[in-house]
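1. Show me how the following folds:
(chains A, B and C)
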Amino acid sequence: MDASIRLRVDGQWRTLDVDTRTTLLDALRERLGVTSPKKGCDHGQCGSCTVLLDGRRAVTCLALAVAHDGAEIVTAEGLADGEDLHPVQRAFLEQDGLQCGYCTPGQVCSAVGMLEEVKAGWPSQVTEDLAGPPELDDEEIRERMSGNLCRCGAYPNIVAAIRQGAR
Amino acid sequence: MTETIRARAMGRPLERLDGRDKVVGQAPYAYEQQVTDPLYLHPVQAVIARGRINAIDTADAESLPGVVTVLTHLNAPRLTGDGDGDDRELWVLQSDEVHFRGQFIGVVVAETSEIARHAADLVRVEYERWPHDVELSADRDDLYAPDKVNAGHDTDTDVGDVAAALADAPVVVDHTYRTPMEYNNPMEPHATVAVWDAGGLTMYDSTQGVHVVRQRLAPLFGLDPGHVRVVAPHVGGGFGSKGAPHAHNVLAGLAAQVTGGRPVKLAVTRQQMFSVVGHRTPTIQRIGLGAETDGRLTALVHEVVEHTSRIVEYAEQTAVVSRMMYAAPNRRTRHRLAALDVPVPFWMRAPGEAPGAFALEVAMDELAVACGLDPVELRIRNEPDVDPESGRPFSGRRMSECLREGARRFGWESRDPTPAARLRDGWLEGTGVAASVYPRIMQTGNRAWVRYGPDGRYEVGIGAVDIGTGTWTALTQIAADALEVPVEEVRLRIGDTDLPEAAVAGGSGGLSAWGSAVVGAARAFREKFGRHPSAGDEATGTAPESPAAEDFSMYSFGAQFAHVRVHADTGEIRVPRMLGVFTVGRVVNPRTARSQFVGAMTMGLSMALHEEAVLDPRFGHVVNHDLATYHIATHADVQDVDAIWLDEEDPRSNPMGIRGIGEIGIVGAAAAVANAVHHATGVRVRDLPITPDKLFH
Amino acid sequence: MRPLEYRRAEDPRRAVTAVAGRPGAMFLGAGTNLVDHLKLGVARPDLLVDVSHLPYDKIEPRPGGGLRIGAAVRNSDLAAHPLVRQHYPVLAQALLSGASPQLRNLATTAGNLLQRTRCPYFQDVTTPCNKREPGTGCSALEGYNREHAVLGASEHCVAVHPSDMAVALTVLDAEVRVLGSGGERTIPITELYRLPGDRPDRDTVLKHGDLITAVDLPGLPMAAHSAYRKVRERASYAFALVSVAAAVQVRDGAITDARVAFGGLAHKPWRAYRAEEALRGVRVSAAPGDTLAEATTAAPIAAGGAASTGENAGGTSTVEDLRAAADAELADARPLAHNAFKIPMARNTFVAVLRGLLREEGATR
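-> Sure thing, here's the model as predicted:
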C-alpha cells in the first residue's frame, strides 16, 4: 500500500510516494537518493542512520516514513552550508574522527543534536547532579554518543572532535 | 636493500583527502552508486544446518505484484567449473544441498526492497534434515591436521625436545585458553550492485580488493576477466571479511543475468552477515611454558584446536606467533581442525596473531607471576637475537624499546605486582602489559600507471581500495614523494578494475604493495619523460625487487599497556587507559596511522570484554546475530586509548621503508586487558570475553 | 513484512474501536520496537493505527501531588523534566540508562512499557518460541539463556522484560491509565505485567485494543531519595543483566519504608516485597571505620575487600541486614544453565544501591 508524503530534507520540500512499510531511512536513501544517512543495522542498534528529525537526533531505520509526513529532516549533508562545513564536521576532519566514514554522518548528526541537548540542560546517565545543568566533560560526551557505534574505533578522536566543535 | 624514496610528503599528518566527502556523507559506498532503474534482491536462507531441499515453492512469492522472479537451485543460471575447493562457498544455487544454517538457497528479485523482503518470507521450503554438528571441543576424535595453515604457514613445527625441557623446567605454566567465534562486523554491511549487459558484468562492491573479486568471479560466471569490472571507491570497513567475494556476490551476479540488463542491488542484512561473510574461528589453545627460575624460557608449546567449515577449509594460523616471538630453545606448535557444519570462517583482523597472542601473552603474564618477575622484564629477558624460527636476523626488532618506552610513559615502574590490592571508590584497579607482533607481508603482482594531465597534475592509477585505512591520503603522499612533487600535483585514482592490478587490502600489506608499484611507475615515468613531461605522457611500472626480503625476518613489534577497573560489587569491567608503543618502519601519515593503531587496540578491547558469537548446537546458528546482542565496544567503553611509535624506517622492506600497521594494534590488546583484570582482581580469566560472571564464584 | 494499512488516529475512542475490531490491527507509537518486529517478522499486523499524534504528550502535576505522564511523552522529555529529576530521580536515571539518546528522542512512555522481550529466540522466527508462537516450545530453556530469568519463570518461557523505565515505575507505585472498548480504567503497574505461566504470549493483562493513555505517579516524598542502577557489560547502549530501582525512607536511625524492584531477573519488573519487608526496621549503623568487607560474595570482593567505601552510614551490621533482605527476595531464584551469576550480581547490586541511598540519607539528615 502506497502513500504520498512530504518531507523537508536539508531545506527542500520533497513529495514522494512510499510503501506504508518504508522506513524513513529507505525513503531517504532509495526514494530520494539522499544517502548521507547510512544503513548499518536497520534495527536501531548502531546509530549510523541518525539525522536531525524535527530538530532532534533520531534513528531513521525504525521510523515509518508514512508516520512522519510533513517532517523536517537535516542530514549531515544539510549541516554543511555548501562548501562550508559545520564546525563539528570541520573538527572531525582535523581530529581524524573517522576512518572508513560509514558511521560518520550519523556520528556528526548525533553530535550536533547532542550539543543542543546539553544546551537545553538535559542530563545523562553519568550526570552526577540530576538537578543542575550538565557539564560537558569527556565522560559526558562518551555516554551521550554511545548510540553511535564505530567499528574502526575512532572513538577517542570523535570525542576530541566534539570537544573542539563544541567550543 | 632497495633504494628508498625521499620523504617529503611522507611523515606529514595530512588530513584525509576523502574526509570532506565522508563527514557530509557524500562519498558513495557500493549500495549508493547511482544506477538506472534498479531491482532489489532479498535472499532466502536455509533454516537447517545440514540436509537437502526436497521441495521449494516460490509460487506465492512470485505471484506478489512487483516480484520479477525468484531464483532457486532449480532455475538459477549455472555457474562454470566444478564447484570444488574454495569455490564451494561460492557455489550458490547450484545444488539442493544445505551445508550450514543461513546458507543462501534462493533470492527474490523485485521492484522494491519491501516487496523483495516480503516475498522472501513467502517462499516455502521442505527439507530432508540430516544430523549436523557444530560443537568444537579439544577431545573430538575427528580432529585433523591441515596440509598448511592460512598464509602458507606449516601446520606443525618441532624444535628440540619439548617434553624433556618441560619435565626439567623448574617453573612450568601449562594452561588452556579459549577465544570465541567472532565477527568482523564492519559498519557498512557487505553490499553489491550488479549490472549484466552485453559488455559483461559490472559490480559496485563493498570489497577490500576489486581485482580479487574479479579474479574469483569471472571464471565462475564463464567470463573473461576483461569482461568483469569491479568498482569500489569507498568501503565502509572490512577487517578481513571483505577480503574475498562471498556468496552474496555470486547471488547478485546470478540475479543480474535474468533481469534483461536491469541492475540489481543486494545489501546483506546485519543478521545475514552472521552466516555468509566469514567469521573468526573459535580456538582452544594449550600453552605450555617451561622456564628457569630467572624467567628464561626453555620450552614453549602452543597447540591449537579450531573449527573450519565442512565445505571450505580455512585453517587459522593461530600458533605461528609462538614460533618467532621468544627465544625458547625447545618449541612445539600444532594446528588441528574440526570440520563442522558451520558457516565458512575467514579472515578477521590479524587472523592467527590476534587469538594466538591472547593465549601466549596471558601465559607469559602467568609465568611472570610464577617467577616473581616483572612482566616487562620477563619479556625482555626472552628476546631472541635472531628469528628463532628461520634463524635469520630481524630487519628490525625493537620490542624491548617498545616495552621500556611504554612502561616509562605508562608509569609502570611504580606498579605493585600484588593482585587485588587496589580498591578505589568501589572499583578494583589493575594494570597489565602484553607484547604485539605482526609480520611484514609483501604481496606481489601489483602495477600502477602515472599519467601527466593537461592540468599539470600527475594522475596515478592503481586498483587499490580505501577501507578506512587512509589509502586515498597515504598513497597520494607516497606518489608525491615518488614523483618528487607536492601532493597537490597528484590526483590518485583507486577502487576500479579498470585500473592496474592491485593486491587486496589485507595482511597490513596494502600500502606496501601498492606504494611499491606506484614507486615503480613513477621511476618508469621519470626515466621515460624526465622532469618536464607533456600532457598525455604515461608510464606503467611494477614494484622494484626487494632482495633483502630473503635474508631478513621482517616483523613489526609493539607493547601494549592497559589499566582496568573492576567494580567490586558487580564485576563490571572498564578500561580507563590503554597505551600502545609500536615499531613498524616508517609511518607515512601520522594522523591516519595513529587512528589505525588506536582503532585496532579498541577492537582488541572489544575482543577482551564483549565479543562472543554463541552457536546453538541444536539449530546450528549464531544465536546473537545482531548488534544488540553481539556487542562491540561503544563510546562509553573507550576512554583514553593512545598509540605512539618509534621513529624509524625499514629500507629492507620496500622503497617507502614501511612495514604495515593495520593489524598489529589488535595483537596483544586483549591479553593486556586480561592481565590487568588479573592484577585488579586476582582472578585469571583464560577464556574470552572477560565478562563479570567469570569474576563471580 | 506483509503489506499493511496505515491510519493516523485523530481521536482516542475511534483509535480504540479501530484496533479492537480487527485482530490484525496494532497501535503505532514511535515504532522503535514495532518496526523492528515488522522487519523480523515477529509482528505481522495488517493495520497500524498511529496514536503518536493524540494529545497525550504532556507531563502535568496532579492535584494533591504526583505527576501525570502522557502516553506519547518521549522518553528523553520525561527524563529531562525538572519535576521528574527533582522528585523521582529513580525514573530519570532509569530512562537515561535505556537504549540510546536518538532512540529515547523517539520512544514514548506507552511504547516503552509495552516493548517486548529481547530474548534472541523470540526475535528469530526460525526458532521455536512459545511467546511468539504458542505451543512451539521454549528455545531458551535448554539453549543460550545467559540473559534470561531467574525469578518467576515457567517451563514455557524464561524471557525477561527489557524496560528500565518500568522497573522504576514499579517502585513508584505508578498507575497505568487505559482506554478500552469498555471505557477508561486504571491498572497499578504492579498488576500490568504477567508472569509467563502457560501463556507467555501475553506480556500484560491488557486486552486487544486497550490503549494506554497515561501513567500516573503518586506524590511519594521518599521517591526523592531513590536511585536506579543498571549493570551490564557494555558501559552504555545495552540491556540490563541486572538492575535495581530503590527508594528508601529513614527515621530515627532506622529504615521505616523502602521500595525495591529488580530488572533483568523476570518476565516483569520484579517488585521485591519480601526484601522491603525485611528492610523495614533495619538500623542504619554509623560506626566509623566499618570495613564492609563481607558486603558481597563476588570474587573481586572476596579478593579485594570492601565494596563501595562508605565510612559512616551503612556499617557492617547494616550491610549484613541489607544482604539478608536481598537474600530473602532471591531465595526462590532458580538459575538456568548460563545465568547463575545473576543471583549474586543482583544481591550485590541491591546492597550497593541501598547503601548508596542510606549514605545519601545520612548526608541530608
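
2. Now do the contacts for the nearest residue to residue B:413 once chain neighbours are set aside.
-> With C-beta to C-beta, 6 or more residues apart in numbering or on different chains as the criterion, residue B:413 has its nearest non-adjacent residue at 6.6 Å, and that residue is residue B:407. C-beta: built from backbone N, CA, C; applies to glycine. Residue B:407 makes contact with B:376, B:413, B:433, B:559, B:561 under the criterion C-beta atoms under 8 Å, 6 or more residues apart in numbering or on different chains.

3. Of those - the most surrounded one?
-> residue B:433 (30 neighbours; other C-beta atoms under 10 Å in any protein chain shown).

4. Look up which helix or strand that one falls in, please.
-> Using DSSP states H and E, the element containing residue B:433 is strand B:427-439.

5. List the neighbouring strands of that strand plus their orientation.
-> strand B:423-424 (antiparallel), strand B:555-567 (antiparallel) (DSSP bridges).

6. Quick one: low-confidence residue ranges for the stretch 151-300 of chain C.
-> By pLDDT under 70, the weakly predicted segments of the stretch 151-300 of chain C are C:286-300.

7. and the chain, what are its domains?
-> In the absence of a named chain, chain A is used. Per the record, chain A has its domains at A:2-79, A:87-166, by automatic domain parsing.

8. I was thinking of chain C, sorry if that wasn't clear
-> C:1-52, C:234-364.

9. Start and end of the shortest one, how far apart?
-> This means domain C:1-52. For domain C:1-52, the first-to-last residue distance is 22 Å (C-alpha to C-alpha, to the nearest Å).

10. quick one: the helices in chain C?
-> Secondary structure of chain C by DSSP state H: the helices cover C:12-20, C:34-40, C:75-80, C:82-87, C:89-96, C:101-104, C:109-114, C:165-171, C:189-192, C:273-279, C:299-304, C:316-330, C:342-364.

11. cool, and chain A?
-> With DSSP H as the criterion, chain A has helices spanning A:24-26, A:76-79, A:87-94, A:104-119, A:138-144, A:155-166.

12. model confidence over the first one, on average?
-> Predicted confidence along helix A:24-26 averages 98 (mean pLDDT).

13. related to what we said a few turns ago, out of the helices of chain A, the one nearest residue B:38 is which?
-> Among the helices of chain A, helix A:24-26 comes nearest to residue B:38, with 13.3 Å by C-beta to C-beta.

14. Does that closest one pack against any helices or strands, and if so which?
-> Judged by 3 or more C-beta pairs under 8 Å, 6 or more residues apart in numbering or on different chains; DSSP states H and E, helix A:24-26 is in contact with no other helix or strand.

15. What's the first helix or strand after the helix or strand containing residue B:114?
-> Using DSSP H and E, residue B:114 sits in helix B:113-122. Using DSSP H and E, the helix or strand that directly follows helix B:113-122 along the chain is strand B:124-129.

16. pull the CA atoms of that next one into PDB?
-> Output of strand B:124-129 as PDB, limited to C-alpha atoms (Å, rounded to 0.1, in the frame of the first residue of the first chain):
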ATOM      1  CA  ARG B 124       8.200 -22.300   1.400                       C
ATOM      2  CA  VAL B 125      10.900 -25.000   1.700                       C
ATOM      3  CA  GLU B 126      10.700 -28.600   2.600                       C
ATOM      4  CA  TYR B 127      13.900 -30.200   3.800                       C
ATOM      5  CA  GLU B 128      15.300 -33.600   4.300                       C
ATOM      6  CA  ARG B 129      17.200 -33.000   7.600                       C
END
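
17. Just name the most buried of the strands paired with strand B:427-439.
-> strand B:555-567 (a mean of 28; mean count of other C-beta atoms under 10 Å in any protein chain shown).

18. Distance from the chain centre to that strand, please.
-> 20 Å (C-alpha atoms, centre = their mean, to the nearest Å).

19. re the thing from before, kindly reformat the helices of chain A as CSV containing mean neighbour count.
-> Below are the helices of chain A laid out as CSV (neighbours: other C-beta atoms under 10 Å in any protein chain shown):
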stretch, mean neighbour count
helix A:24-26, 25
helix A:76-79, 24
helix A:87-94, 22
helix A:104-119, 25
helix A:138-144, 22
helix A:155-166, 23
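
20. Which of those sits closest to residue C:245?
-> Among the helices of chain A, helix A:138-144 sits nearest to residue C:245 (C-beta to C-beta), with 19.5 Å.

21. now check that closest one, is it near chain C?
-> Yes: applying C-beta under 8 Å from any C-beta of the partner chain, one finds helix A:138-144 touching chain C at A:142, A:143, A:144.

22. need the residues of the stretch 201-350 of chain B near chain A, please.
-> Checking the stretch 201-350 of chain B against chain A by C-beta under 8 Å from any C-beta, the hits are B:234, B:235, B:236, B:237, B:239, B:267, B:269, B:270.

23. Tell me the spatial nearest neighbour of the residue of chain A found nearest chain C, not counting adjacent residues.
-> At 2.5 Å from chain C, residue A:147 is the closest residue in chain A, using C-beta to the nearest C-beta. Sequence neighbours aside, residue C:100 is the residue nearest to residue A:147 in space, at 2.5 Å (criterion: C-beta to C-beta, 6+ apart).

24. Please report how far that neighbour lies from residue A:145.
-> 9 Å (C-beta to C-beta, to the nearest Å).

25. Also residue B:602?
-> 14 Å.

26. follow-up on the earlier one: is it possible to get a markdown table of the helices of chain A that adds distance to residue B:665?
-> Below are the helices of chain A laid out as a markdown table (distance: least, C-beta to C-beta, whole Å):
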| stretch | distance to residue B:665 |
| --- | --- |
| helix A:24-26 | 32 |
| helix A:76-79 | 28 |
| helix A:87-94 | 21 |
| helix A:104-119 | 20 |
| helix A:138-144 | 20 |
| helix A:155-166 | 13 |
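
27. looking at those helices, which is closest to residue C:20?
-> helix A:24-26 (28.6 Å).

28. remind me which residues of the chain are low pLDDT?
-> Unless you meant another one, I'm taking chain A. Checking chain A against pLDDT under 70 turns up nothing.

29. You answered for a different chain; I wanted chain B.
-> Checking chain B against pLDDT under 70 turns up B:1-2, B:697.

30. what about the strands in the stretch 201-350 of chain C?
-> C:211-217, C:226-231, C:242-251, C:254-263, C:270-271 (DSSP state E, counting those that start in this stretch).

31. follow-up on the earlier one: most neighbours per residue, which of the helices of chain C?
-> helix C:165-171 (a mean of 30).

32. got the contact list for that one?
-> Counting by C-beta under 8 Å, 6+ apart, C:75, C:78, C:88, C:90-91, C:93-95, C:98, C:109, C:112-113, C:189-190, C:193, C:215, C:217, C:223, C:226, C:228, C:243, C:245-247, C:259-263, C:268-271 sit against helix C:165-171.

33. Please apply the same query to stretch C:10-22.
-> By C-beta under 8 Å, 6+ apart, stretch C:10-22 touches C:7, C:9, C:25-27, C:46-47, C:49, C:51, C:53-54, C:179-181, C:207-211, C:213.

34. Tell me how far the residue of the stretch 51-200 of chain C found nearest chain A lies from residue A:89.
-> Using C-beta to the nearest C-beta, the single residue of the stretch 51-200 of chain C nearest to chain A is residue C:100, 2.5 Å away. Counting by C-beta to C-beta, the separation of residue C:100 from residue A:89 is 21 Å.
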